[in-house]
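1. 3D, please:
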Amino acid sequence: MLLQIHKNFKDLSRVTLFVVPPAGAQRLGVPQTVLGYCLGCGAERSLKMRLSQHSGRCEGLAKHNDRSFMQDMKEDYKYACENNLELLKEKLKTKELYSKCSESDLEKIAKKVFWTIICDRAKIDATNINPDLTENNHMWNWAGNKTTFEKGEKLFYEKYYSADLERKNKHYKKKGNVKAIRTIDEVLKSEKTAPEELVLSIGRKGDTVDSDTAKKCFNEYVQTLNQWNMEHGDHMKILNLALHRDEDEGVDHLHLRRTWDYVDKYGNLVLNQNKALELCGIEPPDPSQKISQYNNRKMTFDAIMREKWLDICEKHGIKVEREPVVEKKRHMSVKEYKETKIAEKANALEKNIKDFVNNSLEDLMIMTDKNKSTSEHLRAHTNFVNKANDFIKNNEYHYNIKTSDEEDNKLKDWNSMNQMERDEEEAKAYLREVHI
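-> Down below sits the predicted model:
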């Protein structure tokens, strides 16, 4: 079960490990702490690596991980790009805001518009994904890659956990406790028995490791995890793996979904993370105290695997500060207070942005409608661009939210830019604010 990672990485700035157990796992004591590590590449660098553990999850992550939810959306996106991309680019060029943008930037803008509207129509928040890059993702599914992760997980639960479920349901029925009877789908969605998800990443956007180092680190981590599991009773089952390399503003990252189980006295596999870790020989940090949110076996296991992950990074030439730093709440500095106020002002404009998007929705939907004529597409493009320019004109102050300390430097930097760079910056700033 090895991952093949082919993206060209640059320099490492940080390593991140996220563990996302089922929502109910906090009842077993899964903590909600955030640990930070300092990391550097050589003597010239001293950068941060952050490791986070979250005791919660939401439904639909399997479908998100293998991108199966995008199948129909990508068909609409392909049609929009093939039939309307050049038309929208030409219309954008007629507007001063976009007239100086490069061809590549115009294409990115137009494609982002199409994808944003398709996501909005589907009522799915996937605008962070670049549909042109999803083919670069790498997937592994225990049931085979011709099966979706969601279906594969259900097949796994049916194959290995149905016996325990049937025994319990018979017991509940015999006792007259019909409300306790569950289906395999309910077991899959239960906050106690849903698969646990781990997300592993190296670096950050534009500043990460080279391809070979990344591949070796990820491969070795999965190998190490499997080896530890086999040496401790095989109580962890990996259901699927997904390496995402299609998020414009994100770093490449690995999703790993797994279950924890043990064999009960009836010979059935039972889903129970706490019992599974106990049988693995894992004790809570303080065995003399009762199991709690801040003293549980999962904390010990996470600490073990975190150390192994750091060892792997160091083995491949990544300098890591081993002492964890627990982030605590503190009073804000003056700079942070100003930045908070800036954010509040920016958030106050959210209604205007939403109104603009809602008012433009009809035009944008026409732009991706296969049944509309070319003239209808053209009118929709023209209406959208006009509304976009009106929005920018009426909200110019939105681009000038800054602290008094920063104002002079910002103005100096802004005036030093040539006209083309200025137009590109305005276009990109606008897109960031309206999320297209």
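2. for this structure, what's the longest strand?
-> In the chain, with assignment by DSSP state E, the single longest strand is strand 253-263.
3. neighbouring contacts of that one?
-> Applying Cβ atoms under 8 Å, 6 or more residues apart in numbering, the external contacts of strand 253-263 come out as 3, 16, 61-62, 65, 149, 153, 156, 160-161, 193, 195-201, 218, 222, 225, 235-244, 269-273, 275-277, 279. The way it works is simple: take the backbone N, C-alpha and C, and place the C-beta from them, glycine included.
4. please apply the same query to stretch 103-121.
-> Counting by Cβ under 8 Å, 6+ apart, residues outside stretch 103-121 touching it are 73, 76-77, 80-81, 84-85, 88-89, 92-93, 98, 101, 125-127, 129-132, 357, 361, 364-365, 367-368, 384, 424, 427-428, 431, 435-436.
5. in it, what's buried?
-> Within stretch 103-121, the residues that count as buried by 16 or more other Cβ atoms under 10 Å are 105-120.
6. from those, which single one is nearest residue 143?
-> The shortest approach to residue 143 among the buried residues of stretch 103-121 belongs to residue 119, at 28.0 Å (Cβ to Cβ).
7. after the host helix or strand of that closest one, next one along is what?
-> Using DSSP states H and E, the element containing residue 119 is helix 103-122. Toward the C-terminus, helix 103-122 is succeeded by strand 138-141 as the next helix or strand (DSSP H and E).
8. and residue 109, how far is that from residue 358?
-> Separation of residue 109 from residue 358 (Cβ to Cβ, to the nearest Å): 20 Å.
9. ignore the last one, residue 242
-> 33 Å.
10. who's more crowded, the two?
-> residue 242 (23 against 10; other Cβ atoms under 10 Å).
11. who touches the more buried one in this structure?
-> If a contact means Cβ under 8 Å, 6+ apart, then residue 242 has 65-66, 137-140, 149, 254-255 as its contacts.
12. let's go with 7 Å and repeat that
-> By Cβ atoms under 7 Å, 6 or more residues apart in numbering, residue 242 lies in contact with 65-66, 137, 139, 255.
13. please apply the same query to residue 249.
-> Residue 249 makes contact with 128, 205 under the criterion Cβ under 7 Å, 6+ apart.
14. can you give me the helices in the protein?
-> Assigned by DSSP state H, the helices in the chain fall at 61-65, 71-93, 96-99, 103-122, 149-175, 184-189, 211-231, 273-279, 297-315, 334-348, 350-367, 374-394, 404-416, 419-434.
15. turn the ones you listed into TSV, columns for mean pLDDT and distance to residue 286.
-> Putting the helices of the chain into TSV (pLDDT from 0 to 100; distance: least, Cβ to Cβ, whole Å) gives the following:
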stretch	mean pLDDT	distance to residue 286
helix 61-65	90	32
helix 71-93	89	49
helix 96-99	78	61
helix 103-122	89	47
helix 149-175	96	31
helix 184-189	94	32
helix 211-231	87	22
helix 273-279	96	15
helix 297-315	90	10
helix 334-348	64	35
helix 350-367	74	46
helix 374-394	78	57
helix 404-416	50	47
helix 419-434	53	47
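16. possible to save those helices as TSV with distance to residue 260?
-> Converted to TSV, the helices of the chain look like this (distance: least, Cβ to Cβ, whole Å):
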stretch	distance to residue 260
helix 61-65	17
helix 71-93	31
helix 96-99	53
helix 103-122	34
helix 149-175	12
helix 184-189	14
helix 211-231	10
helix 273-279	4
helix 297-315	9
helix 334-348	40
helix 350-367	41
helix 374-394	50
helix 404-416	50
helix 419-434	41
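17. of these, which approaches residue 248 most closely?
-> Taking Cβ to Cβ, helix 103-122 is the member of those nearest to residue 248, at 8.5 Å.
18. so what angle separates the directions of the closest one and helix 350-367?
-> Angle, helix 103-122 to helix 350-367, by axes from the mean of the first three to the mean of the last three Cα atoms, to 10 degrees: 90 degrees.
19. and the angle from helix 103-122 to helix 374-394?
-> The directions of helix 103-122 and helix 374-394 differ by 100 degrees, with the same axes, to 10 degrees as the criterion.
20. extract the C-alpha trace of helix 103-122 and format it as CSV.
-> Provided in CSV are the C-alpha atoms of helix 103-122 (Å, rounded to 0.1, in the frame of the first residue of the first chain):
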residue,chain,number,x,y,z
GLU,A,103,-4.1,35.5,-21.4
SER,A,104,-3.3,32.9,-18.7
ASP,A,105,-4.9,35.0,-16.0
LEU,A,106,-8.0,35.7,-18.1
GLU,A,107,-8.4,32.0,-18.7
LYS,A,108,-8.0,31.2,-15.0
ILE,A,109,-10.6,33.9,-14.1
ALA,A,110,-13.1,32.6,-16.7
LYS,A,111,-12.7,29.0,-15.6
LYS,A,112,-13.1,30.0,-11.9
VAL,A,113,-16.3,31.8,-12.8
PHE,A,114,-17.7,28.7,-14.5
TRP,A,115,-16.7,26.4,-11.7
THR,A,116,-18.0,28.7,-8.9
ILE,A,117,-21.4,28.9,-10.5
ILE,A,118,-21.5,25.1,-11.1
CYS,A,119,-20.7,24.6,-7.4
ASP,A,120,-23.4,27.1,-6.4
ARG,A,121,-26.0,25.4,-8.6
ALA,A,122,-25.1,22.0,-7.0
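21. and the closest residue to residue 247 other than its chain neighbours, backbone torsions?
-> If you skip the residues right next to it in sequence, residue 247 has residue 128 as its closest partner in space, 5.2 Å away by Cβ to Cβ, 6 or more residues apart in numbering. With angles defined as degrees, to the nearest 10, residue 128 sits at phi -80, psi -10.
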